[in-house]
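[1] model the structure of this input:
(one chain, ligands or ions: 3)
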Amino acid sequence: MDSLSPVATFSLGCLKLAFPLRHRGSLGFACPRSCVKGCLVSAHGRSESTAIEFSDPGWKDKYRRDFERRFNIPHLTDVFPDAESIPSTFCLKMRTPTEDFVDGYPSDEEWHGYINNNDRVLLKVIHFSSPTSAGAECIDPDCSWVEQWVHRAGPREKIYFKPEEVKAAIVTCGGLCPGLNDVIRHIVITLEIYGVKNIVGIPFGYRGFSDKELNEILLSRKVVQNIHLSGGSLLGVSRGGPDVSDIVDSMQERGINMLFVLGGNGTHAGANAIHNECRKRRLRVAVVGVPKTIDNDILLMDKTFGFDTAVEAAQRAINSAYIEAHSAYHGIGIVKLMGRSSGFIAMHAALASGQVDICLIPEVPFHLHSPHGVLKHLKYLIETKGSAVLCVAEGAGQNFVEKTNAKDASGNIVLGDIGVHIQQETKKYFKKIGIHADVKYIDPTYMIRACRANASDGILCTVLGQNAVHGAFAGYSGITVGLCNTHYVYFPIPEVIAYPRAVDPNSRMWHRCLTSTGQPDFV
Ligand SMILES: Nc1ncnc2c1ncn2[C@@H]1O[C@H](COP(=O)(O)OP(=O)(O)O)[C@@H](O)[C@H]1O
Ligand SMILES: O=P(O)(O)OC[C@H]1O[C@](O)(COP(=O)(O)O)[C@@H](O)[C@@H]1O
Ligand SMILES: [Mg+2]
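    Ligands and ions are numbered 1, 2, ... in the order given. Okay, the predicted model is just below:
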């Protein structure tokens, strides 16, 4: 059993069976047809405590109700039932930016383009008719169709913050990712359109809340106008930092009542904890996340911003490896790509380039030296094609490299270098079998994430940034923004970070990758 696989447990009377979910991304289901009584499998593939009797004709309603409860997005009125709303100051008809609304907010005009709070987006759009369909995500053994609706993102007609009373802060945490500046820019621009004048950036991630040497960065449309033209983050990023209670103390001191948090799963865990702490202290604060990670390891969304750009940059590294390998006598190009526990970058870059013969990802175990291992296949490729390109995700094959037992400041495990290991083993192997091989190793590491967002990511960042602000003004907190089946939605944070999203080896995408590389099973 793949040790990375989350496991769902199904109760069968006094028997408990465990089935690997093979990283189905969501709603993975692996219950045998004989299973008459199962547990609710959550949308993130985890078993829930609520047992569902599939023989009960009302089980679907029960499932839907539970789903609605889990995907409910927290709102200020949950804690402050008397919180009053005002008509939105955001509109599609453009105002003069200098207008001060001296006569009150322009609510008497006919503004259009608002989202109704009851608008929903379908989370899953495929009706799998059988659990054996490729990539099937089923709830019950018959793979019945159950609609799962999530909340549509966008501007609401009523808002819960008066713009002149808002102090908004933006913080970027974790590793860099193309598009951070684009998101910052659009958060600032949209806040200004609502009428917010007090906007600050917290420098260097969560650390900026506690480090007295670091000052807030004042933000305005003028300051952010051109920041999207370069990669990185205007505000800086960091891992580690103060604990949640110190962060909320600092927010209180600074008077921050809207916090926009750009980061990956760690950052979002922090954002959710900040949201909970604010609720505990009964602070009228909106905490809204925007998922950032080149690894694309956030659940339930089509993709995270920066991923496309990283794939494009990774593809360029693969192309160089191909040219080197193809131009050398018995050339072998090895490329190591980022992807801590998810092989999305490697898989997509391999697919995009069409030049990869072997793609190795953390989700799919492989052997190096066995008769069906990677090295044997490299020999076959050299003998038949004359050259070969291998691309490996950094989290793959960690069983072959020495454990470092080290963690970074955020508590992420520091991985062993699988790229260098494969390079060395390849050289040794070809020397041993007496076949010439010219091995070239490329590790583009930070080059794939320190770049400026491409056009597609630029648009994604723009819409995510805008929707983050709409969500905060609408009074939601503890939420994040995502792209779901090409529509923009709000998710409650815990649902998207329950565990890292990973490539499903049974998915069509991985099969397409295998079709493209032509690689066999390496076990
Ligand atoms: N479980 C957690 N609870 C609170 N904060 C966290 C948690 N995990 C990580 N963080 C904080 O979030 C920030 C970014 O986390 P990290 O894992 O480095 O990057 P990413 O958000 O990209 O996954 C760090 O400042 C870290 O201290
Ligand atoms: O050297 P750093 O900054 O720790 O970054 C390395 C990690 O950052 C990533 O690019 C993205 O990770 P995050 O989403 O946690 O920022 C990983 O693929 C990689 O393992
Ligand atoms: Mg992370």
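[2] in the stretch 151-300 of the chain, what residue comes closest to ligand 2?
    Nearest residue of the stretch 151-300 of the chain to ligand 2: residue 175, at 2.9 Å (Cβ to the nearest ligand atom). Just so you know, the C-beta spots here come from the backbone N, C-alpha and C atoms, and that holds for glycine as well.
[3] so what does that residue look like in phi/psi?
    According to degrees, to the nearest 10, the main-chain angles of residue 175 amount to phi -80, psi 170.
[4] chain center to stretch 388-398: distance?
    How far stretch 388-398 lies from its chain's middle: 21 Å, per Cα atoms, centre = their mean, to the nearest Å.
[5] please list all residues in contact with the residue nearest in space to the middle of the chain.
    Centrality entry for the chain: nearest residue to the mean C-alpha point is residue 298, 2.8 Å, by Cα atoms, centre = their mean. By Cβ atoms under 8 Å, 6 or more residues apart in numbering, the contact set of residue 298 is 264, 265, 268, 291, 304, 482, 496, 497, 501.
[6] do residue 308 as well
    454, 456, 457, 460.
[7] just the buried ones from those?
    Buried members of the contacts of residue 308, scored by 16 or more other Cβ atoms under 10 Å, are 454, 457, 460.
[8] tell me which element the residue of the chain positioned farthest from its centre falls in.
    Relative to the centre of the chain, the most outlying C-alpha is that of residue 434, 45.2 Å out, by Cα atoms, centre = their mean. Secondary structure assignment for residue 434, by DSSP states H and E: no helix or strand.
[9] quick one: pLDDT of it?
    Confidence at residue 434, expressed as pLDDT, is 98.
[10] how close does it sit to ligand 2?
    37 Å (Cβ to the nearest ligand atom, to the nearest Å).
[11] and whichever residue of the stretch 251-400 of the chain sits closest to ligand 3, how many neighbours does it have?
    Residue nearest to ligand 3 within the stretch 251-400 of the chain: residue 264 (3.7 Å; Cβ to the ion). Residues near residue 264, counting by other Cβ atoms under 10 Å, number 26.
[12] got it, and the one 10 residues further on?
    When neighbours are defined as other Cβ under 10 Å, residue 274 has 25 of them.
[13] what does the helix or strand harbouring it rub up against?
    Element membership of residue 274 [criterion: DSSP H and E] is helix 265-280. Residues from elsewhere that reach helix 265-280 (Cβ under 8 Å, 6+ apart): 74, 79, 173-174, 205-206, 239, 244-245, 247-248, 251, 259, 261, 263, 285, 287-289, 291-293, 297-298, 410-412, 477-478, 480, 493-494, 496-497, 500.
[14] give me the buried positions along that helix.
    Buried positions in helix 265-280, judged by neighbour count with 16+ other Cβ under 10 Å: 265-279.
[15] ligand 1 contacts on the stretch 201-350 of the chain?
    Counting by Cβ under 6 Å from any ligand atom, the stretch 201-350 of the chain comes close to ligand 1 at 205-206, 239-241, 263-267, 269-270, 273, 293.
[16] so is the longest helix seen in the chain next to ligand 2?
    Counting by DSSP state H, the longest helix found in the chain is helix 307-327. No: applying Cβ under 6 Å from any ligand atom, one finds helix 307-327 separated from ligand 2 by no less than 7.9 Å.
[17] that helix: how far from the chain's middle?
    How far helix 307-327 lies from its chain's middle: 23 Å, per Cα atoms, centre = their mean.
[18] and what of stretch 199-206?
    21 Å.
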